[in-house]
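1. Got a sequence here, can you model it:
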Amino acid sequence: MSIPAVAPVGPATPAEPAAPRTPDARTVHAAKAFERVMLEQLTKEMAASAAPEDSGDGASAATNAYRDMLPAAMADALSQSGGIGIATQLQATLAAANAPVPADAPATAAPSAGTPSTDVPAATPGVAALPTGVAL
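-> Presented below is the predicted three-dimensional model:
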């Protein structure tokens, strides 16, 4: 008995890595706005924790008004000086999520409703093995 020879397919060409996608203007604006809002919330909490405990400190209305504007001014200054890196990371994440899928990428199908899930391997630390036929 002989086994028929398999014809060669050709030289394997390595897949080229996808070029990093640059975020569009809306993504950049949204990421910077998100970081600015988050910085304002952080500076408000910081200012509240640094405020004197007794409210009868004799401060004038103008002093209190400026004290209330301080967190927003600090957040603006931090954002304009480059922020703390949240916007950059968010832009990269959004750009990667919106990257086109290569035509030769394998298709992944979601399991049907009656199919048991196999997403959690039995050897995952801290996760008990499921009995046969039990779906997550």
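
2. what about residue 97, how many neighbours?
-> The number of residues packed near residue 97 is 9, by other Cβ atoms under 10 Å. All C-beta atoms are positioned from the backbone trio N, CA, C, and that covers glycine.

3. hmm, I was thinking of residue 100
-> 8.

4. Please enumerate the strands of the protein.
-> With DSSP state E as the definition, the chain shows no strands.

5. low pLDDT regions in it?
-> Scanning the chain for pLDDT under 70 picks out 1, 6-23, 52-58, 101, 103, 105-136.

6. Can you name every helix or strand that the longest helix along the chain contacts?
-> The single longest helix within the chain, with elements called by DSSP state H, is helix 25-50. With contacts defined as 3 or more Cβ pairs under 8 Å, 6 or more residues apart in numbering; DSSP states H and E, helix 25-50 has these neighbours: helix 61-80, helix 86-97.

7. Give me the helices and strands touching the longest one, please.
-> Secondary structure elements in contact with helix 61-80, counted by 3+ Cβ pairs under 8 Å, 6+ apart, are helix 25-50.

8. Done for today, thanks.
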